[in-house]
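Engineer: make a model of this:
(chains A and B)
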Amino acid sequence: MVALSSTKSLADDATTRLRIGVIPFANFTGSNEAADSVLPLINKQLAARNFELVPHDSLRNIMRATRCNYAKRSVLICC
Amino acid sequence: MTGSIDFYSTLENPEVGLSLRLYDCVQQRLIWTNSVAASGEDYTGWFGIGRITSPPILANRIVEKIFAKFPLSEDGMMSVSPQPAVTDRIDSVIRAGARIAIVIFDNLTDQQRSGDIASVLLMSELWRQGYEVVEPGEVAATLAELRSLPRGKISTEEISRLREELQVDLIVTGTIYRFVPGRGRSSESPPQVEMGLRLINATDGKILASVSSTRVGDDYEGPFGVGRCYSLGELIQKSFVNAWQQLLKQSEKRLTIVTRSEIDGEQSSASR
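Structural biologist: Have a look, this model is predicted:
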């Protein structure tokens, strides 16, 4: 699991503005159409909320640095 | 946040299933997870009105539904208590605080990834019931250190590693034998699932309980077809509810979990 910087525990603090990193999803359907259809909808929902989203490039770098390699097990798709 | 697209069927009766989860990077634990699956038939009212035949439209409904229970409000704050409390009855069997790891189910069907899908749906169901479920990525990373990726089974060495590294108390795994999506309104084509589940005590590696479950969408049908499952994802989730209750019932007499706070208490009193 990729650890992202955060100042307080998410579950215990109701006042902190949250910083969220969206890790690539697993696509168990085998259909590219699924990703094309669902992921923009998720992006839309997240965009409607006032989170601080971690840029994809930063996440990608962290995942590379920590050698996260889900690809052998899952088809990965990025939001 | 991460998740998976579990179902996306473009058949006559489309089905879409999605799972999301939120991981608290400070406390290093899951704080929310939810799985939603539905088919176009689930939106059908009287005389067939409302049926959804377009997968993208169905996907939109599913995403809206899953985000309706998203624990973070639109101003970016925590909006609700993310996890329901463990009920008293279940709490008497497994005390609050027991950590559960799910080992990906074995898949004996011709449907690819059915073991992965079932594992994700079980995680959401257990979390919904108030259990502390270990993030699957943590389980995978820990087992990867042993160069293993078990499915439907786990060795003593792997159990010990999960116990030591992740403080796991219980392990759930199983096998999927049948995994058939529904094809529409016809009574001859409801979704079907057949699976076996095992609950393992991580302390000693012994199997506490083992159950098998065979369900079809018609099993939940009431008068006028009300309650029938058209979606395989929903059927699997309902199957897990029953199967988990059976697992608990079987394991009740065999299971004694000593919580870490009790262990710490005993150690501190012994050191005095």
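Engineer: CA atoms for contacts and neighbours, from now on please.
Structural biologist: OK.
Engineer: residue contacts, residue B:175?
Structural biologist: With C-alpha atoms under 8 Å, 6 or more residues apart in numbering or on different chains as the criterion, the residues that contact residue B:175 are B:105, B:106, B:107, B:108, B:115, B:152, B:195, B:196, B:197.
Engineer: residues near the second one, how many?
Structural biologist: Neighbouring residues of residue B:106 were enumerated by other C-alpha atoms under 10 Å in any protein chain shown; the total is 23.
Engineer: tell me the spacing between it and residue B:118.
Structural biologist: 10 Å (C-alpha to C-alpha, to the nearest Å).
Engineer: next one: the first one
Structural biologist: When distance is defined by C-alpha to C-alpha, residue B:105 is 7 Å away from residue B:118.
Engineer: who touches both of those two?
Structural biologist: Shared contacts of residue B:105 and residue B:118 (C-alpha under 8 Å, 6+ apart): residue B:176.
Engineer: circling back to that earlier point, shared neighbours of residue B:106 and residue B:118, anything?
Structural biologist: Common contacts of residue B:106 and residue B:118, defined by C-alpha under 8 Å, 6+ apart, comprise residue B:176.
Engineer: contacts only, for residue B:161.
Structural biologist: Contacts here follow C-alpha under 8 Å, 6+ apart; on that basis residue B:161 touches B:142, B:143.
Engineer: and it, that's in a strand?
Structural biologist: No. With DSSP: H, G, I helix; E, B strand; the rest coil as the criterion, residue B:161 is helix rather than part of a strand.
Engineer: quick one: name whatever helix or strand follows the helix or strand containing residue A:46.
Structural biologist: Per DSSP states H and E: residue A:46 is located in helix A:32-47. Secondary structure here is assigned by DSSP H and E; on that basis, the next helix or strand after helix A:32-47 toward the C-terminus is strand A:52-53.
Engineer: and that following strand, which strands flank it?
Structural biologist: The pairing partners recorded for strand A:52-53 under DSSP bridges are strand A:19-20 (parallel).
Engineer: not counting the strand it pairs with itself, show me its contacts.
Structural biologist: Outside strand A:19-20, the residues within contact range by C-alpha under 8 Å, 6+ apart are A:6, A:51, A:52, A:53, A:54, B:1.
Engineer: so where's the chain shaky on pLDDT?
Structural biologist: Picking chain A for this. Applying pLDDT under 70 to the predicted model, the residue ranges of chain A that meet it are A:1-17, A:66-79.
Engineer: chain B is the one I meant
Structural biologist: Applying pLDDT under 70 to chain B picks out residues B:73-97, B:184-188, B:255-272.
Engineer: go with 50
Structural biologist: In the prediction, chain B carries residues with pLDDT under 50 at positions B:88-93, B:258-260.
Engineer: for it, just list every one of the helices.
Structural biologist: B:55-68, B:88-93, B:114-128, B:136-144, B:156-166, B:232-251, B:260-271 (DSSP state H).
Engineer: okay, those helices, which one's buried deepest?
Structural biologist: Ranked by mean neighbour count under mean count of other C-alpha atoms under 10 Å in any protein chain shown, the helices of chain B are led by helix B:114-128, which reaches a mean of 23.
Engineer: nothing else from me, thank you.
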